[in-house]
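[1] Pasting a predicted model and its sequence here:
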Amino acid sequence: MASNGIIDSEARNRLHKLDPNFTQNVISATGLRASPRMRKVMASLIQHLHDFARENEITVDEWMAGVELINEAGRMSTDRRNEGQLVCDVLGLESLVDEITYKLASDAKDAPTATAILGPFWREDAPARKMGETIVFGIENGDRTYMHGQVLDYRTRKPIEGAELDVWHTAPNGLYEQQDPDQPDMNLRGRFTTGKDGKYNFYCLRPTSYPIPYDGPAGKLLQLLDRHPMRPGHIHFIVTAPGYKPIVTQIFDRSDKHITDDAVFAVKDSLVVDFLPYKGDPNADFELPYDFRLASYDDASKEFSSWDG
Ligand SMILES: [Fe+2]
């Protein structure tokens, strides 16, 4: 095999000995009751998988190593850890799929807030908190931050009432609460609902860069690829509102040293923010003003045809 990925003549000779109809036979085994989407996607997946195996002359041992990686990811996954998703993340797949799903929205000027990957650490049923409350409990260090802004209709710029922000981020030790027995349950998480003015505000911490968990298959892959596991400091959000297309996103600290080499490739320019020094509030040293812009389902279906709302 030539090092640039083009199959050399020796390899081509070996591959010619393979059954030329094999892949088509596998694809043709799909039954009549398979849905059109399943038929299309799986035919493509089988084709690419087989081409990948042929082009790289994958051996049984190498294939088994891949199978074991998938099995190990499954064994490690619990309701507190999603290793399969993490493997996808270090391969850039979740970020790519996110970009494909929201491709028109993410780069258009004055578009709705861009999306970013959910990641494996979101938890259902984060506690509902009152506006102005903190999500920080039992942590003394870290840069206290007052985050505030509005949830707006991206087109009319009108405030959205009843929008819910579900927020979560890591502690200064780089761990989400479900990874860290020393943190209270649901620490650094909360759900806030806007009133008529669409405004929100709460206290959090300036997020810390952290390594994704690298004691499992995702970490093994990073090691084999000579890559680091670090993510730039970020805060996760899911923003929902009645009648509006929900967004899953993250905002990133511009000053973080990993802002240009996120281990899971999730940073987008429009999601990079500045934490500003904040005076006169004993509860915060930094301020983070940020507005979220949502598209109504009507606008989403009209202007962002890739959205399936
Ligand atoms: Fe995260």
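    It's in. Numbering: from 1, shown residues only.
[2] Please enumerate the strands of the stretch 201-309 of the chain.
    With DSSP state E, counting those that start in this stretch as the criterion, the stretch 201-309 of the chain has strands at 210-211, 230-231, 234-240, 247-253, 272-273, 276-277, 286-289, 292-294.
[3] Show me where the stretch 201-309 of the chain has its helices.
    In the stretch 201-309 of the chain, the helices defined using DSSP state H, counting those that start in this stretch lie at 217-224, 297-303.
[4] ranking those helices by burial, who's on top?
    Ranked by mean neighbour count, those are led by helix 217-224 with a mean of 18 (mean count of other Cβ atoms under 10 Å). Yep, even glycine has a C-beta here, placed from its N, CA and C like the rest.
[5] residues making contact with that helix?
    69-70, 72-73, 76, 83, 86-87, 89-91, 212-214, 228-229, 263 (Cβ atoms under 8 Å, 6 or more residues apart in numbering).
[6] Kindly give a single PyMOL line that selects the buried subset of those.
    In PyMOL, this line selects whichever of the contacts of helix 217-224 come out buried by 16 or more other Cβ atoms under 10 Å:
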select buried, resi 69+73+76+83+86+87+89+90+212+213+214+229+263
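[7] buried sites along stretch 35-53?
    Buried residues in stretch 35-53, counted by 16+ other Cβ under 10 Å: A43, I46, H50.
[8] least reliable of the helices of the stretch 201-309 of the chain going by mean pLDDT?
    The minimum mean pLDDT among the helices of the stretch 201-309 of the chain belongs to helix 297-303 (a mean of 77).
[9] How far away from the center of its chain is it?
    Offset of helix 297-303 from its chain centre (Cα atoms, centre = their mean, to the nearest Å): 23 Å.
[10] repeat for stretch 155-169
    19 Å.
[11] By mean pLDDT, which helix or strand of the protein comes out lowest?
    Taking mean pLDDT, DSSP states H and E as the measure, the chain has helix 103-107 as its least confident helix or strand, at a mean of 58.
[12] List the buried residues for the next helix or strand after it?
    Reading on from helix 103-107 to the C-terminus, the next helix or strand found by DSSP states H and E is strand 144-153. Buried positions in strand 144-153, judged by neighbour count with 16+ other Cβ under 10 Å: R144, T145, Y146, M147, H148, Q150, V151, L152, D153.
[13] What is the nearest of these to I238?
    V151 (12.1 Å; Cβ to Cβ).
[14] buried residues in stretch 247-260?
    Across stretch 247-260, burial judged by 16+ other Cβ under 10 Å covers I247, V248, T249, Q250, I251, F252, D253, D256, H258, I259.
[15] Export these as CSV, with columns for pLDDT and distance to L288.
    Shown next, in CSV, are the buried residues of stretch 247-260 (pLDDT from 0 to 100; distance: Cβ to Cβ, whole Å):
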residue, pLDDT, distance to L288
I247, 93, 18
V248, 94, 19
T249, 95, 14
Q250, 96, 13
I251, 96, 8
F252, 97, 12
D253, 97, 9
D256, 96, 14
H258, 97, 19
I259, 97, 16
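[16] Just want the angle from the helix or strand containing E99 to strand 247-253.
    When elements are assigned from DSSP H and E, E99 belongs to helix 93-101. Here helix 93-101 runs at an angle of 120 degrees relative to strand 247-253 (axes from the mean of the first three to the mean of the last three Cα atoms, to 10 degrees).
[17] Off-centre distance for helix 93-101?
    Mean-position distance between helix 93-101 and its chain equals 8 Å (Cα atoms, centre = their mean).
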